[in-house]
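> Here is my input; please provide its structure:
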Amino acid sequence: MNLLLLGEYSNVHATLAQGLRALGHQVTLISDGDRWKNYPRDIDLTRRSTHTIDTLRYLLRCARIIPRLRGYDIVQLINPIFLDLRANKILPFYNTLRRHNRKIILCAFGMDHYWVKTCLDAKTFRYSDFNIGTHLRTHEPCAAPFIRDWLQGPKANLNIHIAQDADHIVTGLYEYDACYRPHFPTKTTYIPFPINIQETNPSGAIPTSLSGQGQGERLSFFIGIQATRSQYKGTDIMLRALQRLQRDYPTQVQITQVQSLPYAQYIQLLSQSQILLDQLYSYTPAMNALAAMAKGLVVVGGGEPENYQILHEDTLRPIVNVLPTEEDVYHKLQQLVLHPQNIPTLARQSIQYIQKHHDHIKVAQQYQQLYNQLLKQP
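Purely as a prediction, here's the structure:
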């Protein structure tokens, strides 16, 4: 098959491209590398800035490239905003792709209209980026801009149009599946995110520092901060709990804190750690946590029952699930410090979990099956 993957989130499309190519497919990957993360791509579509000259240059580059993208069996969009443009400027490019290619897939991998709308109903999720129980974060500075942009207006209209018009929708996490399936039950498919285990952890071994963890030994905790999204993702609360833990156990806790690093540098520092704190309000581990798990790190974050249920996983429980409060995060971290003998088991299960559910070849095979089914349809 001749496949076009357009846009990038956290290395999802770049890793999927590796898997699809290993299966013999021709893949073109076009993105901006997810900005400062700088993930691989075949054709770069990076907008340097929002200044007028850079905007015009980017718009002209899109106008040169997009109309040439013809004859693909599948065009897969990472998000309704698959170009770094306003929604009303993206629609003509979508229409061009629609006319000149066989099938269009919309991915539900991140922020969009259906995600915001579902979170705000305060019923679907016990907690999320936008609600904790019935309490809505509508006026909090971290959440209000996303609600304003996506709940209604041009972005919402574009998202609704593409979701209705696309041939299929692929969801990458339980949460996104819960957002789209009620609206599009016959054309929504859940496929886990892909991880290239051979690149991430070729030996399949847990870190030496975790293989014989003993009482009182120093644990290395890793937390990545995105300055503009810390409160939104809950890393501000997680960091406070972690710093409190270090004050209470100064000889047993070491913290590595990084902010907005390129992916290669980020992974290098992550590899030197043992425990990752990631996404307080999530039910599920996303790409950052999955990559850490593949390396044998223990993830403290989203591991709710729904995550295991959608994967039909009834044995492995590698994720240290936390509720969205500083006290619960502190308590779960404290248990790791007080019972380090449990960490090697969690590390081994983390690797097994990735091998079982997220191996990029296995995931690519699931996409291949979906593509074949779509191409048989008129």
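> Do you have the strands of the stretch 201-350 of the chain handy? List them.
Taking DSSP state E, counting those that start in this stretch, the strands of the stretch 201-350 of the chain run over residues 219-225, 253-259, 275-277, 298-301, 320-321.
> cool, the stretch 51-200 of the chain as well?
74-77, 103-108, 131-132, 135-136, 168-171, 188-190.
> Nearest to residue 237, out of those strands?
With Cβ to Cβ as the measure, strand 131-132 is the member of the strands of the stretch 51-200 of the chain nearest residue 237 (11.3 Å). Where you see a C-beta, it was placed from the backbone N, CA and C, and this is true even at glycine.
> Doesn't residue 365 belong to a helix?
Yes: the assignment for residue 365, made by DSSP: H, G, I helix; E, B strand; the rest coil, places it in a helix.
> on that earlier part again, Serialize the strands of the stretch 51-200 of the chain to CSV and add fields for mean neighbour count and distance to residue 53.
Listed next are these as CSV, based on neighbours: other Cβ atoms under 10 Å; distance: least, Cβ to Cβ, whole Å:
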stretch, mean neighbour count, distance to residue 53
strand 74-77, 24, 27
strand 103-108, 24, 31
strand 131-132, 19, 41
strand 135-136, 13, 40
strand 168-171, 23, 36
strand 188-190, 19, 41
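> Figure out which of those is closest to residue 59.
strand 74-77 (18.4 Å).
> so what's residue 309 up against?
residue 174 (Cβ atoms under 8 Å, 6 or more residues apart in numbering).
> actually residue 246, not the one I wrote
Contacts of residue 246 by Cβ under 8 Å, 6+ apart are 253, 254, 255.
> Now restrict those to buried residues only.
253, 255 (16 or more other Cβ atoms under 10 Å).
> Just send the contacts of residue 246 back as JSON lines, with pLDDT and distance to residue 35 too.
What follows is those, written out as JSON lines (pLDDT from 0 to 100; distance: Cβ to Cβ, whole Å):
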{"residue": "253", "pLDDT": "96", "distance to residue 35": "32"}
{"residue": "254", "pLDDT": "95", "distance to residue 35": "30"}
{"residue": "255", "pLDDT": "96", "distance to residue 35": "26"}
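> Which single one of the contacts of residue 246 is nearest to residue 59?
residue 255 (43.3 Å).
> what bridges to the closest one?
For residue 255, the beta-bridge partners are residue 221 (DSSP bridges).
> mind checking how far it is from residue 247?
Applying Cβ to Cβ, to the nearest Å, the value for residue 255 to residue 247 is 11 Å.
> Let me know the closest of the contacts of residue 246 to residue 180.
Closest to residue 180, out of all of those and judged by Cβ to Cβ, is residue 255, at 37.3 Å.
> where's the closest one relative to residue 327, distance?
From residue 255 to residue 327 the distance is 19 Å (Cβ to Cβ).
> still on that earlier bit, okay if I get the strands of the stretch 51-200 of the chain as CSV plus distance to residue 243 and mean pLDDT?
Shown next, in CSV, are these (distance: least, Cβ to Cβ, whole Å; pLDDT from 0 to 100):
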stretch, distance to residue 243, mean pLDDT
strand 74-77, 40, 98
strand 103-108, 35, 98
strand 131-132, 22, 95
strand 135-136, 25, 95
strand 168-171, 35, 98
strand 188-190, 37, 98
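> As a markdown table, those with distance to residue 13 would be great.
Putting these into a markdown table (distance: least, Cβ to Cβ, whole Å) gives the following:
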| stretch | distance to residue 13 |
| --- | --- |
| strand 74-77 | 8 |
| strand 103-108 | 8 |
| strand 131-132 | 29 |
| strand 135-136 | 32 |
| strand 168-171 | 11 |
| strand 188-190 | 16 |
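> Of the ones you listed, which is nearest residue 156?
strand 103-108 (14.1 Å).
> In its sheet, which strands sit next to the closest one, and in what direction?
Sheet partners by DSSP bridges: for strand 103-108, these are strand 74-77 (parallel), strand 168-171 (parallel).
> okay, these in JSON lines with distance to residue 55 next?
Output for those, formatted as JSON lines (distance: least, Cβ to Cβ, whole Å):
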{"stretch": "strand 74-77", "distance to residue 55": "21"}
{"stretch": "strand 168-171", "distance to residue 55": "30"}
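> I'd like to know which of those is closest to residue 121.
strand 168-171 (17.4 Å).
> now the closest one: how far from the chain's centre is it?
Distance of strand 168-171 from its chain centroid, counting by Cα atoms, centre = their mean, to the nearest Å, is 15 Å.
> Repeat that for stretch 187-194.
Counting by Cα atoms, centre = their mean, stretch 187-194 comes out at 12 Å from the chain centroid.
> who's in contact with it?
12, 15-16, 18-19, 109, 166-174, 177, 180-181, 286-287, 290, 310-311, 357-360, 363-364, 366-367, 370.
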